[in-house]
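Trainee: My questions concern the predicted model and sequence given below.
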There are 2 protein chains.
Amino acid sequence: MTYAAPLADLRFALHAIADMPGIAGLPGYEEATPDLVDAILEEAGKLAGEVLAPLNHPGDREGAVFENGVVRTPHGFRDAYARFVEGGWNALPFDPDYGGQGMPWTLASAVQEIWQAANLSFGLCPLLTAGAVELLQAHGSAAQKEIYLPKMISGEWTATMNLTEPQAGSDVGALKTRAVPNGDHYLITGQKIYITFGEHDFAENIVHMVLARLPDAPAGTRGISLFLVPKYLTNSDGSRGPRNDLRCVSIEHKLGVRASPTAVMAYGDSGGAIGYLVGGENKGMACMFTMMNNARLAVGIQGVAIAERAYQQARAYAFERVQSRALTGDDGAVAIVRHPDVRRMLATMKAKTEAARAVALMTAAALDRAKQEPEDSERSRQHALLDLLIPVAKAWCTDIGCEVANLGIQIHGGMGFIEETGAAQHYRDARILPIYEGTNGIQALDLFTRKLLRDGGAAMNALLADLRAGLPAANGNAALGTLRRPLGDGLDHLERATGWMLAEGGESLERGAASATPYQSLFGVVLGGCLLAKAAGEAAQQAADGTGDPGYLDGKVKTARFYAENLLGESAALAAAVTGGADSLLALSDEQL
Amino acid sequence: MTYAAPLADLRFALHAIADMPGIAGLPGYEEATPDLVDAILEEAGKLAGEVLAPLNHPGDREGAVFENGVVRTPHGFRDAYARFVEGGWNALPFDPDYGGQGMPWTLASAVQEIWQAANLSFGLCPLLTAGAVELLQAHGSAAQKEIYLPKMISGEWTATMNLTEPQAGSDVGALKTRAVPNGDHYLITGQKIYITFGEHDFAENIVHMVLARLPDAPAGTRGISLFLVPKYLTNSDGSRGPRNDLRCVSIEHKLGVRASPTAVMAYGDSGGAIGYLVGGENKGMACMFTMMNNARLAVGIQGVAIAERAYQQARAYAFERVQSRALTGDDGAVAIVRHPDVRRMLATMKAKTEAARAVALMTAAALDRAKQEPEDSERSRQHALLDLLIPVAKAWCTDIGCEVANLGIQIHGGMGFIEETGAAQHYRDARILPIYEGTNGIQALDLFTRKLLRDGGAAMNALLADLRAGLPAANGNAALGTLRRPLGDGLDHLERATGWMLAEGGESLERGAASATPYQSLFGVVLGGCLLAKAAGEAAQQAADGTGDPGYLDGKVKTARFYAENLLGESAALAAAVTGGADSLLALSDEQL
């Protein structure tokens, strides 16, 4: 159950998919030189492999524990977090004015994959802090930034997001937590659930970002405000002050990510927790939107990460476990990787993981370009691309995390069902990813209504044209030559389905919504195939130029072909469901469901 | 988390898919009149709903416990088992000469679904006993039958199957447990793993069916013999005698079915456990084959069962949970079943569950006909059909169990990840099904080599012709009319893929094996669609005749259409992978996997 960061593949994907050299050429990112990028990936890989990964399985077995109002994380987690903070890792992509390192999100995303693959439960803590840092960087007052950002960026203090209440899950607008003005602050009362790392023993303070409603606020999402509610207040000199009126009521008993405490939080049991408004009254949802792209991409990256972890474990097992003779040999029992069906599972795991990694890093690159491109028009173009890609990066990559972890169990056979093996943990851990940070169904609706209908398909059609233009030419490489037909078909399917979503879905939101999930999957399947093909083209070029490891580069081409000939065919099925399936779904009455 | 046996759908499927009246017309099955069938289903539903289902979730939380060599099942399980035995349920399909009720397997399969849906962990105990009864009925000596069958058929004694050893999983031939002749019995020494209900507190005796190797046995599967090794020996008067030399070493810590003890068993620590040869020396594998069809079908039925259970739970939640306004309405938050994407998940769960049920019951009917048809030629024909269907019934239905349980979690959103909800248990429990009783990859190989190549595709081509001929005519029913094109396409895909498996796979076993899993899935997808269409045709006929509930019958037609237009499209993707995917898989070197 070891984990070795896939440095070669991350480097290759950063180059071939995310154009890391181009990103480093953007204003503010000049320090992200190839040497520094390499050094950062390598050091992250060390900490992940040596410290975080070994805690993953014991952490699951032990779980986070809640006793007498206090949460104890599993043995070793607290020390590991201290090393993470000491190494400066929490600060990687943040504002240098407050102690951040100002590295591109593209690089931070590759590093993020490493943390999450090593230990998904551990990785959740900095992931949540990052969202709060984003919020404060964008919307905090000067004083708030001064007090909170340095400690949150360093990781000395961690942070949480408090959105969900029992009656307000996907429908954030239904939340009831109240905030009453009281001098320079507000008094917060209410209960929040599913608060990741809402209470723990990693840090001396926890900064809760809480959505609440003012007494006279409009109904729904327009009446939501965002508050910073620290566990401990700060004294005027910035030191830690008295305890705020908030507490952890309990933590959940979960299917997976058991080492991460998921808290029920109570605010204001004794009159009201002190909260500081961030970003103006009733502007809470607008604030949340500024971090939503980053947070959703981060969850997509968790999908890539758990896929990579499950793949590494299954691969090791497949080469080690000896069972049955080869179908075509008489030499006694062989390692199961010799059996074609096991090879199919392993190749599927690998191809899907690499396709998901490519989608995630392409999205991360769009995020950087949307922020840092010097030209307004290019920034806008990249922003439109980013907005379009986000739901796919979140939903498709997390679906793949589950699928790949599922195959990982199957490769282990009976051993996969025994918890000591560890394969089952990945399967359990992965299962939260299609749910939180907006369920994958919510992502599909976002893709359909906000990303497709709103601009009349402009961003999508631009992407389709780019993908079509980007298919690699065969250039005498036979394997590369095999890619054009299936990928062309896939793009045709996606184009046809896009046309249906715009025309028929635009006409009837209900029919469009009925087709939104297969459409989103179709988008992912085809985009993933196109990006693998792009990587294959780059690999073939490098091989022709005589740079890089020939076996690895050839593997890139062959993996793209495997995907195109074995997995991309799903695009036909999904397109059929998108364009021809909604009516038969909507024909079923409640009683017939 | 209640469960109500789907009596109406089971009755309908027994009639429309399994031709239950025809089965009851076979010699020996005359007692299975419609009234008795109804009464049995209804009584089974009561016991399942009132006794077994309520224990399912607490049983998972408590788990089976191993202490001081003794296994304690969760609270209530032992009493529930006593009621199960008292009700005569264990005896349903067995030989009346030894206390069985001689009911058809088709009916027993419908009842089996009810037990397994109510409580998969509980259901494993009688499932294993049934396999041992089958073995003894077919291969036991008169004395063995006399002593053991009555108590095993009643369920007073339970039984186990001991095949797996650490080095011998899918490759049973690699087992090392030894049996040395010693007078009228053999002395057994060795260790077995993954022994379901190998030790427990349900019954006063446990009859272990153990595969072992004689000192001079040939290597591999040809040198395996089967032994009956009881936990307690019997005295000459048939009463329980002294303890045999065998013990439970430990039980596994598993992902799911945690209420069922999965034991490591040690035989012969003190010189050798007394075992009685069943079916002749070195005939162990031949004996196992007589029960393999039943056992694999039973596991397929477990797949249907967990799908039904997960569907019922998700359905209840979708109608109860209120969240977000409807896309097309302004009336405030609605039950989530109003959201098209949730409807899609629920319809998918329902359609797949019913398709899997149809495949399982069709297979059960072939099992009865292969045993009881009076004409030799028809028995042979049904046997060929049965052998062909078994791997699909096992693999496809268990894959569907996992898929449907996965959707069940997603419908629950965040609640699905919390163990108290119960949706996560179904997801965990289901995951063993594609693994045990021959992994689904082993099933695919069996389908390819033994069921397809061996008869040159004769049974398969006969089935394809039957399925094509059985597509319902539109008869003026518009919804029924929509089925013919997608199903015709699906059958074309399956036919083309079958041709490839026979020709190209016959030429190269390696390429065939590389395509065996997508071929098996394709078989399931198309067969499931055809059977839903058959049910739809029958429903339309009943509706035209004015018999039955019009809404339910119309739902059958609409479900078949939903499946044909939304799920059957996968057949194109799978056929493409079968016929065009093997080479790109086999092109990947070890290093490139």
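Mentor: Happy to help now that I have it. Remember, it's a predicted structure, so these values are computed and weren't measured experimentally. Residues are numbered from 1 along each chain as shown, chains lettered A, B, ... in the order given.
Trainee: I figured residue A:102 hits residue A:26, correct?
Mentor: No: Residue A:102 lies out of contact with residue A:26 (C-beta atoms under 8 Å); the separation is 11.4 Å. C-beta here means a position set from N, CA and C on the backbone, and glycine is covered the same way.
Trainee: how about residue A:226, what does it touch?
Mentor: Going by C-beta atoms under 8 Å, 6 or more residues apart in numbering or on different chains, residue A:226 touches A:135, A:139, A:209, A:210, A:211, A:277, A:278, A:279, A:283, A:284, A:287, A:288.
Trainee: Need the three-state assignment for it.
Mentor: Under DSSP: H, G, I helix; E, B strand; the rest coil, residue A:226 falls in the strand class.
Trainee: so what's it closest to, chain neighbours aside?
Mentor: Residue nearest to residue A:226 in three dimensions, not counting chain neighbours: residue A:284, with 4.0 Å by C-beta to C-beta, 6 or more residues apart in numbering or on different chains.
Trainee: Dump the contacts of residue A:226 to a markdown table, plus pLDDT and neighbour count.
Mentor: Output for the contacts of residue A:226, formatted as a markdown table (pLDDT from 0 to 100; neighbours: other C-beta atoms under 10 Å in any protein chain shown):
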| residue | pLDDT | neighbour count |
| --- | --- | --- |
| A:135 | 96 | 23 |
| A:139 | 97 | 22 |
| A:209 | 97 | 24 |
| A:210 | 97 | 29 |
| A:211 | 97 | 26 |
| A:277 | 98 | 22 |
| A:278 | 97 | 23 |
| A:279 | 95 | 21 |
| A:283 | 96 | 16 |
| A:284 | 96 | 31 |
| A:287 | 94 | 23 |
| A:288 | 91 | 22 |
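Trainee: Looking at these, which are in strands?
Mentor: A:209, A:210, A:211, A:277, A:278 (DSSP state E).
Trainee: So the first one sits against residue A:227, correct?
Mentor: Read that as residue A:209. Yes: taking contacts as C-beta under 8 Å, residue A:209 lies within contact range of residue A:227: 7.4 Å.
Trainee: shared neighbours, those two?
Mentor: residue A:278.
Trainee: Do a quick rundown of the strands in the stretch 101-250 of chain A.
Mentor: A:158-162, A:178-182, A:185-196, A:206-212, A:225-230, A:232-234, A:240-243, A:246-251 (DSSP state E, counting those that start in this stretch).
Trainee: tell me what the shortest one is packed against?
Mentor: Translated: strand A:232-234. For strand A:232-234, the packing partners by 3 or more C-beta pairs under 8 Å, 6 or more residues apart in numbering or on different chains; DSSP states H and E come out as strand A:240-243.
Trainee: what mean pLDDT does the strand it packs on have?
Mentor: Averaged over strand A:240-243, pLDDT sits at 94.
Trainee: Show me where the stretch 251-400 of chain A has its strands.
Mentor: With DSSP E, counting those that start in this stretch as the criterion, the stretch 251-400 of chain A has strands spanning A:262-267, A:273-278, A:322-325, A:333-335.
Trainee: Pretty sure the residue nearest to residue A:226 sits against residue A:228.
Mentor: No: between residue A:284 and residue A:228 there is no contact under C-beta under 8 Å: 11.6 Å.
Trainee: So for the closest residue to chain B within the stretch 51-200 of chain A, what's the nearest residue that isn't a sequence neighbour?
Mentor: The nearest approach of the stretch 51-200 of chain A to chain B comes at residue A:171, 4.1 Å away (C-beta to the nearest C-beta). If the residues on either side of it in the chain are set aside, residue A:171 comes closest to residue B:324, at 4.1 Å by C-beta to C-beta, 6+ apart.
Trainee: list the contacts for that neighbour?
Mentor: Taking C-beta under 8 Å, 6+ apart as the criterion, residue B:324 is in contact with A:170, A:171, B:333, B:334, B:336, B:339.
Trainee: likewise residue A:102?
Mentor: A:28, A:29, A:31, A:93, A:94, A:95, A:96.
Trainee: Can you say which of those are buried?
Mentor: A:29, A:93, A:94, A:95 (16 or more other C-beta atoms under 10 Å in any protein chain shown).
Trainee: So the first one is in contact with residue A:101, correct?
Mentor: No: Residue A:29 sits out of contact with residue A:101 when judged by C-beta under 8 Å, with a separation of 11.0 Å.
Trainee: Give me every residue in the stretch 101-250 of chain A lying close to chain B.
Mentor: Residues of the stretch 101-250 of chain A that fall close to chain B, judged by C-beta under 8 Å from any C-beta of the partner chain: A:164, A:167, A:169, A:170, A:171, A:174, A:193, A:194.
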